[in-house]
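S.K.: Show me how the following folds:
(one chain, ligands or ions: 2)
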Amino acid sequence: MAFSIKTRQEEIERLKNEKLDLLVIGGGITGAGVALQASAAKMKTGLIDMQDFGGGTSSRSTRLVHGGIRYLKTFDVQVVSDTVKERAVIQHIAPHMTQPDPMILPIYDEPGTTFTMFSVKVAMDLYDHLAGIEGDSPLIKYANYMMDKEETLKREPQLNSENLQGAGVYLDYQNNDSRLVVENVKKAHDLGCLAVSRLKCIRILHNDQMQANGVRVHDNLTGEEFEIHADVIINTSGPWSDLVRQEDKEVYKKPRLRPTKGVHLVVDQSRLTVPQPTYFGSGTADGRMIFTIPREGKTYFGTTDTDFTGDYAHPTVEQSDVDYLLNIINKKYPAAHLTIDDIEASWAGVRPLIEVEVEGNEAADAATGASVSDSTSAPSAVSRGSSLTEAEDGLITLAGGKLTDYRIMANGAMKKIQQKLHDKFSKNFTLQDSAEIKVAGGDFDSDHAEEELARIAKDGVAAGLASEDATEIANLFGSQAEQIYEYAQKIKPADGLSLGETAALDYSLNEEMTLTPVDYLLRRTYHILFKSDTLSQVKDGVVKHMSDYYGWDKALKEQYINDLDHEIAESRLEGLKSKNK
Ligand SMILES: Cc1cc2nc3c(=O)[nH]c(=O)nc-3n(C[C@H](O)[C@H](O)[C@H](O)COP(=O)(O)OP(=O)(O)OC[C@H]3O[C@@H](n4cnc5c(N)ncnc54)[C@H](O)[C@@H]3O)c2cc1C
Ligand SMILES: O=P(O)(O)OC[C@H](O)CO
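M.R.: Ligands and ions are numbered 1, 2, ... in the order given. Got it, this is the predicted structure:
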């Protein structure tokens, strides 16, 4: 279904002229999940985002669908209980992006360690129990187990053997966060949602009874401003949630979030080889745990967790973040000797953590249990739960949480919306179980995902695509690859691109609201983050093909090229590297 610059203008006209049942402000995973459930219930729904869909935190995560085993240490049991069950659900509805990827958790005898050999076994048993991985569970082959020191070093020989006690191994899942967002948005759009990116909410509007009944928006592409009206408005703007609440001047009281920054660094697998995702204590007694994860022939590791007061749209990697992570990684993998020059890509994201002040906080109906913390807690001790609140004027805010529990957060929001619209809801709308709604691209047997994706890739080769292109397209687009193969039958390769690359780009421009080269190379595909060695081969071809498609004039094309070059230079830490010379 077309979802492009052409449909954007049509849908803006509808947003201007048609009153919605629900407007969702913020198209990260939280807003996308709400928009999908509302549209599935047949609500006339609008979803706006001031950036690209997924442009915020939801494209800057550790790219895991995971239960957060470390949260058991901070007694965030509700978060773990929700998220650990959600992993298999998301694998079912988004099987091309979410795949089982068992984690090794090495245990060291070091100060401030999060787990010991005893406590990690207790945690993993609880983790498996909460996820139902026991008895005749179809996932029983992933049941957790322990390894002694020798077995651990046999599995992962690069690990530092000093003070190593052994390791736990338990199930978690890999994920493609930005595509999980866009596939949810596309599904919501297929279900009737009016979804428009680059539209910024700049004001909450009210009726005579001082109830929120609309927003004023600024079109970041055209500069136009206009109003959108809706019965219910929900603020799902992640780290910006307090800023959007401040646009509700009449009722805004105080901030609720404690945003913290998390950084990941990417090196080639030849510089740091890990057999599977590994998760270990930082060894610096700060309560942090660090992931090292193999992906697309690279290894990425993170994250930091530091209070952040900068521009949420542009969190940057600082020297202190690089030093912190390299210091830990070089200690845990003593033969690696990584330096900043080994870093091929990086990204920084801002956690929308809920800081629930101990005294006098507004009643928060916690969708997944944001427990109490205050500004004296270390960032990693702050709850990863979410909160669902309603202001006096009816503006709903859904914030915090994890990407993994986005469906549960949306379920909570839908129940509140159902209560608010009571009669109208019961007459016109029917809640659907989103655990049974495949996201776009997920229409294949999730119980045999690997075989199915191999079959889809084979179809691509039969359609004339190079095998490597067909495999990449199958893994990124899932069942939508068949549409891309149809594109390939009707086109010629664009300058500087293969047939597969051209067809995938055309599909993304026509059906994924891909408006800029950064949208495509950073979020719809892995080029900037995990394919930096071949990025230069496709970059110019992508820009030229998009410029032809959109008819950019010279100035606009130059602006997009500058934006892209800046994004790549930042990802590669070129600024920090030159200072280190
Ligand atoms: C370093 C790091 C690692 C993480 N790793 C994981 C992980 O592996 N697994 C996991 O489950 N969770 C992980 N998380 C948590 C997860 O990423 C977040 O909980 C989730 O992405 C938040 O999504 P969101 O939709 O609430 O916010 P966002 O994704 O930030 O979306 C909010 C959107 O609102 C838009 N917006 C803001 N203001 C306005 C406005 N005025 N008008 C219109 N639009 C607006 C923004 O452009 C943005 O796109 C991680 C987080 C971080 C920072
Ligand atoms: O919020 P943390 O500290 O668990 O960090 C995010 C992880 O890297 C993945 O969820």
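S.K.: tell me the contacts of the closest residue to ligand 1 within the stretch 451-581 of the chain?
M.R.: Nearest to ligand 1, among the residues of the stretch 451-581 of the chain, is Arg523, at 10.7 Å (CB to the nearest ligand atom). Just so you know, the C-beta spots here come from the backbone N, C-alpha and C atoms, and that holds for glycine as well. Neighbour list for Arg523: Asp52, Gly54, Gly55, Ser59, Ser178, Arg179, Val182 [criterion: CB atoms under 8 Å, 6 or more residues apart in numbering].
S.K.: what would these look like in TSV with pLDDT, secondary structure and distance to ligand 2?
M.R.: TSV is the format used below for these (pLDDT from 0 to 100; DSSP: H, G, I helix; E, B strand; the rest coil; distance: CB to the nearest ligand atom, whole Å):
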residue	pLDDT	secondary structure	distance to ligand 2
Asp52	98	coil	22
Gly54	98	coil	16
Gly55	98	coil	19
Ser59	98	helix	14
Ser178	98	helix	15
Arg179	98	helix	17
Val182	98	helix	20
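S.K.: Between all of those, which two are separated the most?
M.R.: In terms of CB to CB, the contacts of Arg523 reach their longest pairwise distance at Gly55 and Arg179, which sit 13.4 Å apart.
S.K.: still on that earlier bit, on the pLDDT front, check the residue of the stretch 451-581 of the chain closest to ligand 1 for me.
M.R.: The predicted local distance difference test score for Arg523 is 98.
S.K.: near ligand 2, which residues of the chain?
M.R.: Where the chain comes near ligand 2, counting by CB under 6 Å from any ligand atom, the residues are Thr62, Leu64, Gly68, Gly262, Phe291, Thr303, Asp305, Arg351, Ser380, Arg384.
S.K.: filter those residues by proximity to ligand 1?
M.R.: Of the residues in the residues of the chain next to ligand 2, proximity to ligand 1 by CB under 6 Å from any ligand atom holds for Thr62, Leu64, Gly262, Thr303, Arg351.
S.K.: rewinding a little: comparing Gly55 and Arg179, which residue is more hemmed in?
M.R.: More neighbours sit around Arg179 than around the other of Gly55 and Arg179, counting by other CB atoms under 10 Å; the figures are 27 against 22.
S.K.: ok, for that one, nearest residue in space, not its chain neighbours?
M.R.: In this structure, Arg179 finds its nearest non-sequential neighbour in Met97, 5.4 Å apart by CB to CB, 6 or more residues apart in numbering.
S.K.: So, low pLDDT: which residues of the chain?
M.R.: Counting by pLDDT under 70, the chain has low-confidence residues at 357-375.
S.K.: Need the outlier residue of it, farthest from its centre.
M.R.: Outermost residue of the chain with respect to the C-alpha centroid, by CA atoms, centre = their mean, is Asp208; its distance is 38.5 Å.
S.K.: Counting by contacts, list what the helix or strand hosting Trp347 packs against.
M.R.: For Trp347, the host element (DSSP states H and E) is strand 345-351. If contacts are counted by 3 or more CB pairs under 8 Å, 6 or more residues apart in numbering; DSSP states H and E, strand 345-351 sits against strand 260-268, helix 527-530, helix 554-571.
S.K.: Minimum distance to Gly46: which of the ones you listed has it?
M.R.: Taking CB to CB, helix 554-571 is the member of those nearest to Gly46, at 26.8 Å.
S.K.: Just the angle for the closest one relative to strand 345-351, thanks.
M.R.: The directions of helix 554-571 and strand 345-351 differ by 90 degrees, with axes from the mean of the first three to the mean of the last three CA atoms, to 10 degrees as the criterion.
S.K.: List the contacts of helix 554-571.
M.R.: With contact meaning CB under 8 Å, 6+ apart, helix 554-571 is reached by 316-317, 345-347, 516-518, 521-522, 528-529, 532, 535, 539, 543, 546-547, 552, 575.
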